[in-house]
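> the sequence and its predicted three-dimensional model are supplied below.
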Amino acid sequence: MGWMDDRLAELIAAGDEITADTVTDNGRRTVDPLHGANGPQSAIGSRFRLWASEGLIVRTGRVVKSKAPKRKGGMIQIWEPTTRGITWARDRTEPE
């Protein structure tokens with residue numbers, strides 16, 4: 001999911017908070033516009049797990065209510081970049 005990686009890099013480079021809402025622009029950017037049960041939209045959670053396993057982000061232990069309409073105020077994790085994530089984002093966002 002190239003757009004999600006690009007968005008994560010932008011958020012890290014800008015020093016912005018990292019949540020599913022900030023990555024998806026409060027649900028406006030989607031993988032599955034229909035939000036089907038067990039559908040492609042679960043790719044967003046999978047991407048967060050991948051980024052964490054790659055050492056780019058870590059959980060802060062804090063949660064906030066989602067602003068995405070389809071989430072109906074459900075709680076979402078707040079993440080922060082690791083040193084590796086900051087380097088990855090810099091390499092991805094800075095011009096050559």
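Noted; the coordinates are in hand. Numbering: from 1, shown residues only.
> low-confidence bits of this protein, can you list those?
Across the chain, the stretches falling below the confidence threshold (pLDDT under 70) are 1, 28-42, 96.
> what ranges does it have for its helices?
Chain-ordered helices for the chain, with DSSP state H as the definition, fall at 2-14, 20-24, 43-53, 83-93.
> list the contacts of the longest one.
Residues outside helix 2-14 that contact it (CB atoms under 8 Å, 6 or more residues apart in numbering) are 16-18, 22-23, 29, 43-44, 47, 51, 56-57, 81, 85-86, 88-90, 92-93. Heads up, the C-betas are built off the backbone N, CA and C, glycines and all.
> 6 Å instead?
Contacts with helix 2-14, where a contact means CB atoms under 6 Å, 6 or more residues apart in numbering, come from 18, 22-23, 47, 81, 85, 89, 92-93.
> ditto for the last one
Outside helix 83-93, the residues that touch it by CB under 6 Å, 6+ apart are 9, 12-13, 55-57.
> show the buried residues in these.
In the contacts of helix 83-93, burial by neighbour count holds for 9, 12-13, 56-57, counting by 16 or more other CB atoms under 10 Å.
> any idea how far residue 81 is from residue 73?
Distance check for residue 81 against residue 73: by CB to CB, to the nearest Å, it reads 26 Å.
> before I go, just wanted to say thanks for your time.
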